[in-house]
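J.: here is a sequence together with a model predicted from it:
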Amino acid sequence: MSPLGLRSITDVSVLLRGRALSAVDLVREALNRVESRPELNAFTLLMRETALAEAERADIDIGNGGYRGALHGIPITIKDLIDVAGTPTTSASRVPARIATADAPVVRRLRDAGAIVLGKTNLHEFAFGTTSDETAFGAVRNPVDSSRSPGGSSGGSGAAVAEGIGFGSVGTDTGGSIRIPAAACGIVGLKPSLGEVDCTGVVALSETLDHVGPLARSVADAALLFQAMKGISVHAIAPAGGALTFGIPRPYFFDRLEAGTRACLEQALTRLRDAGYALREVTIEDAPITPDVYLHICLPEASCCHADRLAEHADLYSPGVRLRLEMGRYVLAEDYVRAMRLRNRLRASVDRALERCDGLLLPALPIPAPKIGATTVNVGEVEMPVRAAMLSRTQLFNVTGHPAIALPAGRGTDGLPRSLQLVGPRGRTARLLDVAAALEGVIH
């Protein structure tokens, strides 16, 4: 069996520690996979020589008894919005890149745990989009169906992980940019609680909505990456046991779904019920105001973050990204303040929905991965802009700061992945991962 075919970091790490497998072999196979699927366009930079040198060092250290833990010798990728020392942080834009003089803290911590950086992944320019087709490096393609988007903005990360190029990736999530590509590509994507993972060394989009988190092929792997990114001891998680109860917020979140998505989600909920989990109907009050609250926070904050770059390089931005950034200049201060107050109301609404629940279960996406270049999509027989549809189930939890994870929930008759989103109490991402691990084998 191919070493990457083992899929699990836990399985591979046992072989690495016992020297039945080498880090060099893992890196070489990952690089071969990049070359075998050039149409995916998942990378802005491949760090071949550096990655192989780091792999050689990992093999020597492990052989000499210097094993650092489950991530030692494991190849991963980094979204090109995050600083990796000595490389340009391009944000997938033609706007002049900054050259990183140091690793971002999340990258440094992963390297301290022994992870090997294969390269930097393509994305929707400056993380301001959901499809990863507005990028100076060309559109990213979904490995399941290359005519379709891998989602965004962390599209290259999603595509790389789904294709088996490394065992995980570091992405960012301002409105769903980890969970959307995870859902579109059929993998796991974790947005931790707000502020739980350091965003230093990450190009900001919206400073009060930005999150950093992992994409991986299993909950267990996502947990290992999250622990390292947070700077805590890396250890295997234990799936939550006992009688678990989940809230199902049908109003708004289940109102309009593409038929195949609805079928997969209802099948997943039936499996959970049959497995003995309690499902109860809940309502997240005021959820329909989420898009307005989100836009009145995100647009002006993004415009402020980009003010200097826009003043000097406006013509180098992709048209759609530039338009959204310029729209932020026209949001009134009173609208921003009002949105921040409504944000507190939404946060309290999610807190209430979580009372007496171990988590909330809802769609991660209301649709399968859209065709590349599509501007609208049918959602429950209603035509919507692609961007609005893809953000509609994820953006609330950026506004409120609750941790949320996208989990594979099977495939439709079209062969495309569908995904369930699990949301947990604020500040309890570790518990969310334990609960997600318990659900993973049941719903997929």
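T.: Perfect, I can see it now.
J.: which residue sits closest to R329, ignoring its sequence neighbours?
T.: Nearest non-adjacent residue to R329, counting by C-beta to C-beta, 6 or more residues apart in numbering: S303, 5.2 Å away. Quick note: C-beta positions are derived from backbone N, CA and C, even for glycine.
J.: can you get me a residue count around the one you found?
T.: Counted by other C-beta atoms under 10 Å, the residues lying close to S303 total 19.
J.: quick one: the helix or strand containing it to chain centroid distance?
T.: Counting by DSSP states H and E, the element that carries S303 is helix 290-305. Distance, stretch centre to chain centre, for helix 290-305: 20 Å (C-alpha atoms, centre = their mean, to the nearest Å).
J.: would you mind putting the CA coordinates of whichever helix or strand comes after it into PDB?
T.: Towards the C-terminus, the helix or strand next in line after helix 290-305, according to DSSP H and E, is helix 307-313. Taking Å, rounded to 0.1, in the frame of the first residue of the first chain, the C-alpha atoms of helix 307-313 are listed here in PDB:
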ATOM      1  CA  ALA A 307      -6.500  50.800   2.400                       C
ATOM      2  CA  ASP A 308      -2.800  51.300   1.800                       C
ATOM      3  CA  ARG A 309      -2.500  48.500  -0.800                       C
ATOM      4  CA  LEU A 310      -5.600  49.700  -2.600                       C
ATOM      5  CA  ALA A 311      -4.300  53.200  -2.800                       C
ATOM      6  CA  GLU A 312      -1.100  52.100  -4.500                       C
ATOM      7  CA  HIS A 313      -2.100  48.900  -6.400                       C
END
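J.: so what secondary structure elements neighbour helix 307-313?
T.: Under the contact definition 3 or more C-beta pairs under 8 Å, 6 or more residues apart in numbering; DSSP states H and E, helix 307-313 sits against helix 319-327.
J.: pull out the buried positions in the helix it packs on.
T.: 320-322, 324-325 (16 or more other C-beta atoms under 10 Å).
J.: contacts for it, please.
T.: 93, 124-126, 128-129, 134, 299, 302-303, 306, 310, 314, 317 (C-beta atoms under 8 Å, 6 or more residues apart in numbering).
J.: now the buried members of the residues you listed.
T.: 93, 124-126, 128-129, 134, 299, 302-303, 306, 310, 317.
J.: from those residues, which is closest to L81?
T.: The nearest member of these to L81, counting by C-beta to C-beta, is F126 at 7.5 Å.
J.: grab the nearest non-local neighbour of the closest one.
T.: Counting by C-beta to C-beta, 6+ apart, the residue nearest F126 is S91, at 4.7 Å.
J.: give me the secondary structure label for I78.
T.: Of the three states, I78 takes strand according to DSSP: H, G, I helix; E, B strand; the rest coil.
J.: residues contacting it?
T.: I78 touches 84, 107, 117, 119-121, 169-170, counting by C-beta under 8 Å, 6+ apart.
J.: quick one: which of those has the most company?
T.: T121 (34 neighbours).
J.: contacts only, for it.
T.: 42-44, 77-80, 154-157, 159-160, 169.
J.: what do you get if the cut-off is 6 Å, keeping everything else the same?
T.: 42-43, 77, 79, 156-157, 160 (C-beta atoms under 6 Å, 6 or more residues apart in numbering).
J.: dump the contacts of I78 to a markdown table, plus pLDDT and secondary structure.
T.: As requested, those are exported to a markdown table (pLDDT from 0 to 100; DSSP: H, G, I helix; E, B strand; the rest coil):
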| residue | pLDDT | secondary structure |
| --- | --- | --- |
| V84 | 98 | coil |
| V107 | 98 | helix |
| V117 | 98 | strand |
| G119 | 98 | strand |
| K120 | 98 | strand |
| T121 | 98 | strand |
| S169 | 98 | strand |
| V170 | 98 | strand |
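J.: any chance of those in TSV, with distance to G73 too?
T.: Conversion of the contacts of I78 to TSV gives the following (distance: C-beta to C-beta, whole Å):
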residue	distance to G73
V84	18
V107	17
V117	12
G119	17
K120	20
T121	20
S169	17
V170	17
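J.: closest to R179 among the residues you listed?
T.: Taking the contacts of I78 together and measuring to R179 by C-beta to C-beta, the closest member is S169, at 13.4 Å.
J.: could you check how far the spatially closest residue to the closest one that is not a sequence neighbour is from P181?
T.: Spatial nearest neighbour of S169, chain neighbours left out: S157 (3.6 Å); criterion: C-beta to C-beta, 6+ apart. Taking C-beta to C-beta, to the nearest Å as the measure, S157 falls 7 Å from P181.
J.: what sits closest to R393 if chain neighbours are left out?
T.: P363 (4.9 Å).
J.: what about that neighbour, neighbour count?
T.: For P363, using other C-beta under 10 Å, the count is 24.
J.: check which residues of the helix holding S303 are buried.
T.: Those would be 290-291, 293-303, 305, for helix 290-305 by 16+ other C-beta under 10 Å.
J.: what's the answer for stretch 141-155, then?
T.: For stretch 141-155, a neighbour-count test (16+ other C-beta under 10 Å) marks 141-145, 148-155 as buried.
J.: in the protein, where's the longest helix?
T.: As assigned by DSSP state H, the longest helix anywhere in the chain is helix 333-353.
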